[in-house]
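Enquirer: I'll drop the sequence and a predicted model, then ask my questions.
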Amino acid sequence: MTQFKNKIKQFGRMVQQWCSPALFAVLAAAVIVGLLLFVPPLNGYADNGDFYRMMDAVGLYHRLGQPYHMVAYINPTYGIRQYFNENTAALFSSQPLFIRLAIWLNQLVFNRLVFDIRFQGIIYYVLFLGALYLVVRAVTRGPGLRQYVLAAVCVFVFADSSYTLYFNSLFGEAAMAVTGMAAVAALLLLARREIRPAWRRWLLLAIFLLSAGLLITVKQQNAPLALSYMVMALGLLPLLPRRKKLLAAGVLAALLITGGMTYKLITPEFQNINRYQTMTRGVLLMDKNPGKT
């Protein structure tokens, strides 16, 4: 029994030597999420009718002769338009950036005419693992069994299929999940003054600004988050030298402007869609006095 305990301790020391808590979390999540997204049968979220907003913007269409399921089943492939796309985006969003990157990767290694939704999953999968690494780095300190337990808790929370199934879809929630994780993790790491050398702090600041900006612009509903992230980032000002506080103030102003522009760029078409939804499926459907409401 003593020899068995000693072997367990030796194995634990070896793991701590070669695998940090953050790397442990990334490896565990990579296996769990990878099996769910990329190993048949294909898993993801089905279209509830919202996919058209992104499909029109990036030049995807439902393939002729292929069965298309609404709500019930995930659709694994879409056609890629080979002609001028006359459709304009129904809303201003940063989500097409992620989809266009997936289409480019799909055309590079798979097919120029058919888009496999798993390439969208690959983009989010890689970004998710990077964001998870930052999250675990931010909430753990050094080796130790407790740090690995905390890393396992992070995997349990963030690698949950209710989040990761969005990766194999055209819903904006996938982009919101990875950018939200990265932004908060970068902010937490910046609050720890031991981050060295200086270029790493600048890199974290860039990650925070980019992630927060993308998160705010994924959906118009996220515009108020600009104020929330600005308030969160205010806590960094006392930690910065006086010369850098002006730059930090500029970053905060940029976030606030981004939120305001996101709200300002809501198109009349999108407003009409929301009004129609309110009348047919929303709060006014069963209201006794919809005019007053």
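Expert: Arrived safely, thanks for sending. Residues are numbered from 1 along each chain as shown.
Enquirer: quick check on Asp116: phi, psi?
Expert: phi -90, psi 130 (degrees, to the nearest 10).
Enquirer: need the contact list for the spatially most central residue of the chain.
Expert: With distances taken as Cα atoms, centre = their mean, Val178 lies nearest the centre of the chain, 2.5 Å away. Val178 makes contact with Tyr124, Leu127, Phe128, Ala131 under the criterion Cβ atoms under 8 Å, 6 or more residues apart in numbering. For glycine as for every other residue, the C-beta is placed from the backbone atoms N, C-alpha and C.
Enquirer: tell me where this structure has strands.
Expert: 60-61, 77-80, 114-116 (DSSP state E).
Enquirer: quick one: the helices in the stretch 51-200 of the chain, in order.
Expert: In the stretch 51-200 of the chain, the helices defined using DSSP state H, counting those that start in this stretch lie at 51-58, 95-109, 117-139, 145-158, 161-164, 173-190, 198-218.
Enquirer: count of residues packed around Leu188?
Expert: 17 (other Cβ atoms under 10 Å).
Enquirer: mind checking pLDDT for it?
Expert: Here, the pLDDT recorded for Leu188 equals 90.
Enquirer: and if you look at the one 5 residues further on?
Expert: Arg193 carries a pLDDT score of 68 in this model.
Enquirer: ok, now Lys7?
Expert: pLDDT, Lys7: 57.
Enquirer: which regions of this structure sit below the pLDDT cut-off?
Expert: Flagging of the chain using pLDDT under 70 yields the residue ranges 1-17, 88-90, 193-194, 239-245, 266, 270, 281-283, 293.
Enquirer: picking that back up, need the strands of the chain in a markdown table (columns: distance to Val31 and mean neighbour count).
Expert: As requested, the strands of the chain are arranged in a markdown table below (distance: least, Cβ to Cβ, whole Å; neighbours: other Cβ atoms under 10 Å):
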| stretch | distance to Val31 | mean neighbour count |
| --- | --- | --- |
| strand 60-61 | 30 | 18 |
| strand 77-80 | 26 | 18 |
| strand 114-116 | 21 | 19 |
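Enquirer: out of these, which comes closest to Asp47?
Expert: For the strands of the chain, distance to Asp47 was read as Cβ to Cβ. The smallest value, 10.1 Å, belongs to strand 77-80.
Enquirer: so what secondary structure elements neighbour the closest one?
Expert: Other helices and strands packing on strand 77-80, by 3 or more Cβ pairs under 8 Å, 6 or more residues apart in numbering; DSSP states H and E, are strand 60-61, helix 95-109, strand 114-116.
Enquirer: looking at those, spot the one closest to Leu236.
Expert: Comparing the helices and strands packed on strand 77-80 by their distance to Leu236 (Cβ to Cβ), the top pick is helix 95-109, with 26.3 Å.
Enquirer: buried ones in the closest one?
Expert: By neighbour count, with 16 or more other Cβ atoms under 10 Å as the criterion, the buried positions of helix 95-109 are Gln95, Pro96, Phe98, Ile99, Ala102, Ile103, Asn106.
Enquirer: same question for stretch 207-218.
Expert: Ile207, Phe208, Leu209, Ser211, Ala212, Gly213, Leu214, Leu215, Ile216, Thr217, Val218.
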